[in-house]
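Novice: For reference, the sequence and a predicted model appear below.
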Amino acid sequence: MEYLSILPATALGYYTFKYATLPTSKLRQKMPNLQIKRLQFFPVIRFQVFGRVIHLHHWFNFSVLLTYAAFANAGILDFTVTKGLMLGGIIQGLTLPRGHMRVISCKCSYCTSLN
């Protein structure tokens, strides 16, 4: 019976991340960019190292957290609704085109010659 609550939570997570994470969405454009030097932590997690920008996607972060929650009693991560929201975020992130899944980007001449 507890697992019936994961379906609406997954749908809610999917649509929430669909409308909140796309760069062209009105909700995303209203979010402030919070950044300290080379680390941007809201609305996306990005950091710059050696001229490269590393972007930690929400679907990757949620995959790590969901795996951790499967093996440990981790407070709020232990709730079925929370697991459903993370599962919806993972599904939404993996449905994006391959070009949006790039983790490391670079503007140096060496990296642009590889692409």
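Specialist: Arrived safely. Numbering: from 1, shown residues only.

Novice: Check what pLDDT Arg98 gets.
Specialist: For Arg98, the model assigns a pLDDT of 79.

Novice: Count the residues that sit near it.
Specialist: Other residues lying near Arg98 total 6 when counted by other C-beta atoms under 10 Å. Bear in mind the C-beta positions are built from the backbone N, C-alpha and C, glycine included.

Novice: One more: Leu27?
Specialist: By other C-beta under 10 Å, 12 other residues sit near Leu27.

Novice: Give me the below-cutoff pLDDT ranges for this protein.
Specialist: Counting by pLDDT under 70, the chain shows low-confidence ranges at 1, 105-115.

Novice: quick one, phi psi at Ile45?
Specialist: phi -100, psi 110 (degrees, to the nearest 10).

Novice: you'd agree it is up against Asn61?
Specialist: Yes - the criterion here is C-beta atoms under 8 Å, and Ile45 meets it with Asn61 at 7.1 Å.

Novice: Centroid-nearest residue for the protein?
Specialist: His58 (0.7 Å; C-alpha atoms, centre = their mean).

Novice: so who does that residue touch?
Specialist: Contacts for His58 (C-beta atoms under 8 Å, 6 or more residues apart in numbering) come out as 17, 21, 44, 89, 93.
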